[in-house]
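*Asks:* pasted the sequence and its predicted model underneath.
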Amino acid sequence: EAGVAQSPRYKIIEKRQSVAFWCNPISGHATLYWYQQILGQGPKLLIQFQNNGVVDDSQLPKDRFSAERLKGVDSTLKIQPAKLEDSAVYLCASSSTVYEQYFGPGTRLTVT
Amino acid sequence: AQSVAQPEDQVNVAEGNPLTVKCTYSVSGNPYLFWYVQYPNRGLQFLLKYITGDNLVKGSYGFEAEFNKSQTSFHLKKPSALVSDSALYFCAVRDIRGNNRLAFGKGNQVVVIP
């Protein structure tokens, strides 16, 4: 089966600009996650969707980050405006159970 | 809240020698425990999990891990390391009675020396 797809793979922007990331989960997976992985750290959950509803967004900086999953399949994560400390790899994952999650290749964001 | 500690930054091991990557965890209830591996410019790949049952769990690529409740540990092991095992390894815990969020450790870089 096809894995989790993400685009773009790399993005370089200047601070205060906006950026959006796209994720297509594994077909049939109801749960979708966005993680932020800062260099030297483990992934940190930003937001979790169950179908098109938000389950957990307690760690999402809502003043600048937003995410949506309108039709319960694809999802987009947006940062507006970006700060230097947003430089990280943004990982999307999906799952069909409470057990293992399947991760995409990530989008590496550099904010200059 | 749940948390994971991976005390070593880097683990160096000679090819053919046993490999151990340490992990300890903290949760309020019963844990779901996971190991993931990350190769350069790739996403995380699932290796194995402990949910319940036997304390020794076997996973992909010859890896196994032992759940020790009294020591709150879930160390990853491989009897004979390969150069291709060089990667970043993450331990993660899920507290199913808490926020159900997956919490990752900081990761361990494993370097297998030919």
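*Replies:* Nice, thanks for sending it over. Residues are numbered from 1 along each chain as shown, chains lettered A, B, ... in the order given.
*Asks:* from now on I want contacts and neighbour counts done on CA atoms only, so please keep to that.
*Replies:* Will do.
*Asks:* not counting sequence-adjacent ones, nearest residue to residue A:2?
*Replies:* Distance criterion C-alpha to C-alpha, 6 or more residues apart in numbering or on different chains; nearest residue to residue A:2, sequence neighbours excluded, is residue A:26 at 6.5 Å.
*Asks:* relative to chain B, how far out is the residue nearest to the spatial centre of chain A?
*Replies:* Nearest residue to the geometric centre of chain A (C-alpha atoms, centre = their mean): residue A:34, 3.2 Å. Going from residue A:34 to chain B by C-alpha to the nearest C-alpha, to the nearest Å gives 12 Å.
*Asks:* residue B:68: what's it in contact with?
*Replies:* B:55, B:74 (C-alpha atoms under 8 Å, 6 or more residues apart in numbering or on different chains).
*Asks:* one step back: ok, the residue nearest to the centre of chain A - contacts?
*Replies:* Contact partners of residue A:34, counting by C-alpha under 8 Å, 6+ apart, are A:45-48, A:77, A:90-93.
*Asks:* how about the strands in chain A?
*Replies:* A:5-7, A:10-13, A:19-24, A:31-37, A:44-50, A:53-56, A:65-68, A:75-79, A:88-95, A:102-103, A:107-111 (DSSP state E).
*Asks:* check chain B too.
*Replies:* B:3-5, B:10-14, B:19-21, B:24-26, B:31-38, B:44-50, B:56-58, B:64-68, B:73-78, B:87-95, B:102-104, B:108-113.
*Asks:* CA atoms only: put the second one into CSV for me.
*Replies:* Put plainly, it is strand B:10-14. Extracted in CSV, the C-alpha atoms of strand B:10-14 (Å, rounded to 0.1, in the frame of the first residue of the first chain):
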residue,chain,number,x,y,z
GLN,B,10,25.2,8.3,20.7
VAL,B,11,25.8,4.6,20.8
ASN,B,12,28.8,3.2,19.0
VAL,B,13,29.1,-0.5,18.4
ALA,B,14,31.3,-2.6,16.2
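*Asks:* starting at the chain centroid, how far to it?
*Replies:* 15 Å (C-alpha atoms, centre = their mean, to the nearest Å).
*Asks:* average pLDDT across it?
*Replies:* When pLDDT is averaged along strand B:10-14, the result is 96.
*Asks:* what does the last one give?
*Replies:* What strand B:108-113 shows for mean pLDDT is 96.
*Asks:* repeat that for the fourth one.
*Replies:* Model confidence over strand B:24-26 averages 95 on the pLDDT scale.
*Asks:* same check on the first one?
*Replies:* If you average the pLDDT over strand B:3-5, you get 93.
*Asks:* helices or strands up against that strand?
*Replies:* Packed against strand B:3-5 by the contact rule (3 or more C-alpha pairs under 8 Å, 6 or more residues apart in numbering or on different chains; DSSP states H and E) you find strand B:24-26, strand B:87-95, strand B:102-104.
*Asks:* and these: which comes nearest chain A?
*Replies:* Comparing the helices and strands packed on strand B:3-5 against chain A with C-alpha to the nearest C-alpha, the closest turns out to be strand B:102-104 (5.3 Å).
*Asks:* ok now the closest one, how far from the chain's centre?
*Replies:* On C-alpha atoms, centre = their mean, the centre of strand B:102-104 falls 12 Å from that of its chain.
*Asks:* does any part of it sit near chain A?
*Replies:* Yes. Interface with chain A: strand B:102-104 contributes B:102-104 (C-alpha under 8 Å from any C-alpha of the partner chain).
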